[in-house]
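1. Build me a model from this:
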Amino acid sequence: MSARPDGGKRFTWAATRPCRQLAWSNSVMHMDERGARVREARRRLTQDGPPWTRPHERDFETVTLPERDCDLLRDLLIAEQAETVVEVGLAYASSALAIGEALITVDAPDPRHVIIDPFQESAYSNVGWDLLLAAGLDSIASLVRAWSSIALPDLVTEGLVADVAFVDGSHRFHEVFVDLYFLRKIVRPGGMIVMDDDWTPSVRTAVRYYDLSLVISLVPEVRSA
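-> Predicted structure coming up:
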C-alpha cells in the first residue's frame, strides 16, 4: 500500500447490488466476547503499532490501512453479511483484523478468511500473521504464502466462492489486472470486490477496464471522513 499525496488513503469497491442490512443473531453475547478480543488487538495495533516493523521510516504508518478506513471496511462486510472473504496482502494486519471482526460480528455458520501474501515471512517476519493468531482468529483465517497470480487460480480450481474480496497487494497494473480477472471468478454474483489505493494510475486503470467491459459494476468511490 502507498499513501495518497495528501497523506490519506482511500478505496473503492465493485458490486452488483446494494448491501444488505446486518441481521443480528441470538448469539450476540458470545459474538461480543470473541469480538472484544479482536477489537482490543485492533486498538493496541493502532495505539502502539506492531511489535516489529521493517527498517523504513514510518513504515507502519505508510503501509497499513488507517483505523478509520478499517472501520469502514468492517462495516461494509457486516452490512454485506459476508461469510467468506479473500484478502490479497497482509503486511501488518490492520485490514485483516477488521475483516476478522466483521466475520465474528456476522456470526455465520462457517466463516472463512483466506489471506494471500508471499512476503509475510520474508519481508514482515510474520508480524501480521502473529497478530491475527494473538487475536484468536486462527480458527477462521488461513494464510497462503504465494503470489496472488498463483494462489487465486488455485482457489478457482478449489471451487471457492467468496462473498467479498479485499485487494491491497501489488499496485502494478498487470498484477492488479490478473487479481481482478480471477477474483471475478471467485466472488459470487452480487458480491463485492474492494480495491485499496485506487488513486494510483495503475490500480485505477485496471479497475476501469473491468468497469468499461461490464465485467463488474463500479460503485462510486468511498472515502473515509
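2. and the longest helix along the chain, which residues are buried?
-> As assigned by DSSP state H, the longest helix anywhere in the chain is helix 28-48. For helix 28-48, the neighbour count (16 or more other C-beta atoms under 10 Å) marks 31, 34-35, 37-39, 41-42, 45 as buried. No exception for glycine: its C-beta is placed from N, CA and C like everyone else's.
3. Need the worst-confidence member of the residues you listed.
-> In terms of pLDDT, Met31 ranks lowest among the buried residues of helix 28-48, with 64.
4. before we move on, the earlier item: can you tell me which helices and strands the longest helix of the chain packs against?
-> If contacts are counted by 3 or more C-beta pairs under 8 Å, 6 or more residues apart in numbering; DSSP states H and E, helix 28-48 sits against helix 67-80, helix 94-106, helix 127-134.
5. Adding distance to Val176 and mean pLDDT, write the ones you listed out as CSV.
-> Shown next, in CSV, are the helices and strands packed on helix 28-48 (distance: least, C-beta to C-beta, whole Å; pLDDT from 0 to 100):
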stretch, distance to Val176, mean pLDDT
helix 67-80, 18, 94
helix 94-106, 16, 98
helix 127-134, 21, 98
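6. Would you map the strands across this structure?
-> Here the chain has its strands, by DSSP state E, at 11-15, 84-88, 112-116, 141-144, 162-167, 187-196.
7. mind checking which of these is nearest Asp211?
-> Nearest to Asp211 among the strands of the chain is strand 11-15; the distance by C-beta to C-beta comes to 7.3 Å.
8. circling back: which two of the buried residues of helix 28-48 have the greatest separation?
-> Met31 and Leu45 (20.8 Å).
9. circling back: I'd like the buried residues of helix 28-48 laid out as a markdown table, including distance to Ile193.
-> A markdown table is the format used below for the buried residues of helix 28-48 (distance: C-beta to C-beta, whole Å):
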| residue | distance to Ile193 |
| --- | --- |
| Met31 | 26 |
| Arg34 | 27 |
| Gly35 | 25 |
| Arg37 | 28 |
| Val38 | 23 |
| Arg39 | 26 |
| Ala41 | 26 |
| Arg42 | 23 |
| Leu45 | 25 |
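10. what's the closest of these to Gly100?
-> Val38 (5.4 Å).
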